[in-house]
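1. I'd like to go over a predicted model; first the sequence, then the structure.
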Amino acid sequence: MQAISDSTAPAASLLQLMWLASPALPIGGFSYSEGLEAAVDTARVTTESEAATWLLDQLELNLARCDLAVLSQAIPAWQAADASRIAELNAWVLQTRESSELRAQSEQMGRSLLEWLRNHTTATPVQIGLLAELQPTYPLAFALAASATGASARDCLLTYAFGWAENMVQAAIKSVPLGQSAGQRILSALTAAIPAAVTQALLVPDHQRQAFSPMLAILSAQHEVQYSRLFRS
């Protein structure tokens, strides 16, 4: 019986991670393009190749140095019940969102994941209470959900990055627009690049963590007043 228990534990962790990465998770990630729609509107992204380059750059220059780096530190903080560290990381995310849309996205997805956690056994009441006391951001809420799976920090970061990639590819398909086959080719390129981005994120110390992406911030601000929009960011 013990052998059966040991063999099923990794599968349970994997299934929980797959659940967190699923576009069906009711947190609204599909409704954001994170500036991509504005890049399309200003003709910076008009083809499959340009969309792939845009998203690969965003993965390496933004996600790896910001959200993934935060996750790598937030997961052990949740596991150690380090409330001050959790609050510090959450505040950093709020303070470094470079447009009102990007901040609103992180807050909305954080609140939605908090509500999802309330209806599952993934987090304890004490953890949920701690998250609720903050102005919860998506990276900190995801870190809480992922920390309870028993998976390694690396696997949790891979899950977060792949979930992001799927949502962004769907945004590219709709906004450029592109066909499904083109979307799958872009997702394949992102999937190949994600492990290196995760490795980079795991090595980022506090003083090197950053969210400095000037053009992304400018396009996000322009998107706020864009005449016609499909997405909320």
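-> That came through, no problem.
2. On the C-terminal side of the helix or strand of the chain with the lowest mean pLDDT, identify the next helix or strand.
-> Scoring the helices and strands of the chain by mean pLDDT, DSSP states H and E places helix 2-21 at the bottom, with a mean of 71. Following helix 2-21 in sequence order, the next helix or strand is helix 36-41 (DSSP states H and E).
3. Give the rounded mean pLDDT of that next one.
-> Averaging pLDDT along helix 36-41 yields 95.
4. neighbouring contacts of it?
-> Contacts to helix 36-41, defined as CB atoms under 8 Å, 6 or more residues apart in numbering, come from residues 45-46, 51, 54-55, 168, 171-172, 175-176, 219-220, 222-223, 226, 229-231, 233. For every residue, glycine as well, the C-beta is placed using N, CA and C.
5. same check, this time on stretch 176-185
-> Here stretch 176-185 makes contact (CB under 8 Å, 6+ apart) with 40, 45-48, 51-52, 169-170, 172-173, 186.
6. Span of that stretch from start to end?
-> End-to-end span of stretch 176-185 (CA to CA, to the nearest Å): 15 Å.
7. now stretch 132-144
-> Distance between the two ends of stretch 132-144: 12 Å, counting by CA to CA.
8. which of the residues in that stretch are buried?
-> Within stretch 132-144, the residues scored as buried using 16 or more other CB atoms under 10 Å are 134, 136-144.
9. from the contacts of helix 36-41, which ones fall inside helices?
-> Using DSSP state H, the subset of the contacts of helix 36-41 located in helices is 51, 54-55, 168, 171-172, 175, 219-220, 222-223.
10. Give me the neighbour count for residue 188.
-> 12 (other CB atoms under 10 Å).
11. got it, and the one 5 residues further on?
-> Neighbouring residues of residue 193 were enumerated by other CB under 10 Å; the total is 18.
12. Just the buried subset of the contacts of helix 36-41, please.
-> Buried, going by 16+ other CB under 10 Å: 45, 51, 54-55, 168, 171-172, 175-176, 219-220, 223, 231, 233, out of the contacts of helix 36-41.
13. Tabulate these (JSON lines), appending pLDDT and distance to residue 193.
-> Shown next, in JSON lines, are those (pLDDT from 0 to 100; distance: CB to CB, whole Å):
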{"residue": "45", "pLDDT": "97", "distance to residue 193": "17"}
{"residue": "51", "pLDDT": "98", "distance to residue 193": "14"}
{"residue": "54", "pLDDT": "97", "distance to residue 193": "13"}
{"residue": "55", "pLDDT": "98", "distance to residue 193": "9"}
{"residue": "168", "pLDDT": "97", "distance to residue 193": "13"}
{"residue": "171", "pLDDT": "96", "distance to residue 193": "18"}
{"residue": "172", "pLDDT": "97", "distance to residue 193": "15"}
{"residue": "175", "pLDDT": "96", "distance to residue 193": "21"}
{"residue": "176", "pLDDT": "96", "distance to residue 193": "19"}
{"residue": "219", "pLDDT": "92", "distance to residue 193": "21"}
{"residue": "220", "pLDDT": "92", "distance to residue 193": "22"}
{"residue": "223", "pLDDT": "92", "distance to residue 193": "25"}
{"residue": "231", "pLDDT": "88", "distance to residue 193": "23"}
{"residue": "233", "pLDDT": "85", "distance to residue 193": "22"}
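14. Against residue 34, how distant is residue 213?
-> Separation of residue 213 from residue 34 (CB to CB, to the nearest Å): 10 Å.
15. list residues touching both of those two?
-> residue 58.
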